[in-house]
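Next comes the sequence, and after it the predicted model I'd like to discuss.
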Amino acid sequence: MTVPLLVVGEALVDIVGTAAKPRNGNGRTKATPGGSPANVAVGLARLGVPTELVTRFGTDAYGDQLGAHLFGNGVQLAPGSVDPTFRTSTATATLDAAGVATYKFDITWEPPALSLSRGCPAIHTGSIATVLEPGAAAIREFLESVADQPVTVTLDPNARPSITPDPVATWEAVRALAASSDLVKLSDEDCEFLRPGRYPEDIAEELLTADRTQCVVITRGGKGALGVSRDAKVDVTAPVIEVVDTVGAGDSFMSALIAGLDARGMLGERRLTGLTFEDLRDVVDYAVKAAAITCTRHGADPPTAAEHTAKWGS
């Protein structure tokens with residue numbers, strides 16, 4: 001039996017609306033399952049990677065919606081993830097004219113007990129779960145406890161200024177977690193908030209000074225993504241598409257990046273060692289194209305492996 005990859009972090013419901021309301025004053029909203037780590041878990045499962053999610057949500061109407069979404073996409077839920085004493089968290093997303101989302105959060109984060117199954121190839125975490133207490137401390141302790149285990153750790157800070165408005169303190173928290181991670185993914189928006197005035201390449205090199213970190217990938221929206229490892233650097237352009245919205249695009253990118261590395265046997269005890277220029281170029285390209293598909297659809301709707309192949313080929 002294949003041991004699933006472990007994703008740790010928030011699952012919530014995105015309440016998506018538009019900034020410009022109709023003249024009658026009735027804005028249109030839609031509640032959809034979300035939360036960056038949950039989106040990554042769904043993206044991985046749709047790409048054929050067995051995945052278990054450690055999260056926390058309730059048994060209210062939003063929680064039922066989340067559970068149906070996760071189970072329906074083949075994501076396993078760790079024990080304690082569904083808790084009737086919890087109120088399911090929400091994120092209200094407002095889209096601008098270009099389909100770019102901004103968020104207002106109503107979230108509580110306290111995960112159930114964290115443990116690592118023998119043979120688990122990778123742990124992914126990030127977003128609000130890594131900065132919002134008391135759950136953030138639990139994640140830090142968990143990663144420290146598995147530091148010597150044959151498992152690859154990936155991190156997507158997915159900075160949220162509305163949750164952590166102090167960029168200096170947030171960057172220190174990111175640096176600490178990055179030092180326990182083999183792969184760190186940032187967006188250009190993360191870079192602008194966390195390290196204003198710094199070039200993305202310089203930020204990547206800064207993170208690569210940690211002993212464990214092997215690779216940093218920085219997404220740049222419609223411009224593609226930059227991948228920097230200890231031995232290679234790639235700059236991958238994004239395909240031209242008609243954007244519906246950008247909700248979940250970064251999470252689709254992250255899941256495809258992990259899936260691409262998994263397909264190449266780079267996870268587990270290898271921890272990305274031996275990652276070549278060709279490997280890095282191909283996995284970043286695969287991830288960019290997965291994100292592009294998501295941008296052509298409403299909400300956090302990552303592609304399946306079959307959809308990715310049908311659109312872009314193998």
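That came through fine.

Please count neighbours and contacts with C-alpha atoms only from this point.
Noted.

Just the CA coordinates for the longest helix anywhere in the chain, please, in PDB.
Secondary structure of the chain read by DSSP state H shows that its longest helix is helix 277-295. C-alpha atoms of helix 277-295 as PDB (Å, rounded to 0.1, in the frame of the first residue of the first chain):
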ATOM      1  CA  PHE A 277      18.800  21.700 -14.700                       C
ATOM      2  CA  GLU A 278      16.500  19.500 -16.900                       C
ATOM      3  CA  ASP A 279      14.500  18.200 -13.900                       C
ATOM      4  CA  LEU A 280      14.100  21.700 -12.500                       C
ATOM      5  CA  ARG A 281      13.000  23.200 -15.900                       C
ATOM      6  CA  ASP A 282      10.500  20.400 -16.500                       C
ATOM      7  CA  VAL A 283       8.900  20.400 -13.100                       C
ATOM      8  CA  VAL A 284       8.600  24.200 -13.100                       C
ATOM      9  CA  ASP A 285       7.100  24.200 -16.600                       C
ATOM     10  CA  TYR A 286       4.600  21.500 -15.500                       C
ATOM     11  CA  ALA A 287       3.600  23.600 -12.500                       C
ATOM     12  CA  VAL A 288       3.300  26.800 -14.500                       C
ATOM     13  CA  LYS A 289       0.900  25.100 -17.000                       C
ATOM     14  CA  ALA A 290      -1.200  23.600 -14.100                       C
ATOM     15  CA  ALA A 291      -1.600  27.100 -12.700                       C
ATOM     16  CA  ALA A 292      -2.500  28.400 -16.100                       C
ATOM     17  CA  ILE A 293      -5.400  25.900 -16.400                       C
ATOM     18  CA  THR A 294      -6.700  27.000 -13.000                       C
ATOM     19  CA  CYS A 295      -6.700  30.600 -14.100                       C
END
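
For stretch 94-109, list every residue counted as buried.
94-95, 99, 101-103, 105, 107-109 (16 or more other C-alpha atoms under 10 Å).

How about residues contacting the longest helix of the chain?
The contact list for helix 277-295 (C-alpha atoms under 8 Å, 6 or more residues apart in numbering) reads 217, 224-227, 231-239, 241-257, 260-261, 264, 300-303, 308, 312.

Just these: which are in helices?
Within the contacts of helix 277-295, residues falling in helices by DSSP H are 249-257, 260-261, 308, 312.

picking up where we left off before, for the longest helix of the chain, buried residues please.
279-295.

Do a quick rundown of the helices in the chain.
36-46, 61-72, 135-145, 167-178, 188-194, 200-207, 249-263, 277-295, 305-312.

Would you mind extracting the C-alpha trace of the fifth one into PDB?
Presented in PDB, the C-alpha positions along helix 188-194 are these (Å, rounded to 0.1, in the frame of the first residue of the first chain):
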ATOM      1  CA  ASP A 188       6.400  37.700  -6.500                       C
ATOM      2  CA  GLU A 189       3.800  39.300  -4.200                       C
ATOM      3  CA  ASP A 190       5.300  37.400  -1.200                       C
ATOM      4  CA  CYS A 191       8.700  38.800  -2.200                       C
ATOM      5  CA  GLU A 192       7.400  42.300  -2.400                       C
ATOM      6  CA  PHE A 193       5.800  42.100   1.000                       C
ATOM      7  CA  LEU A 194       8.500  40.200   2.900                       C
END
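
what residue ranges in the stretch 201-314 of the chain score low on pLDDT?
Counting by pLDDT under 70, the stretch 201-314 of the chain shows low-confidence ranges at 314.

what are the ranges of the strands in the stretch 1-150 of the chain?
5-8, 12-18, 29-34, 51-54, 76-77, 90-95, 101-106, 122-126 (DSSP state E, counting those that start in this stretch).

Can you tell me what sits against the shortest one?
I take that to be strand 76-77. For strand 76-77, using C-alpha under 8 Å, 6+ apart, the contacting residues are 51-55, 70-71.
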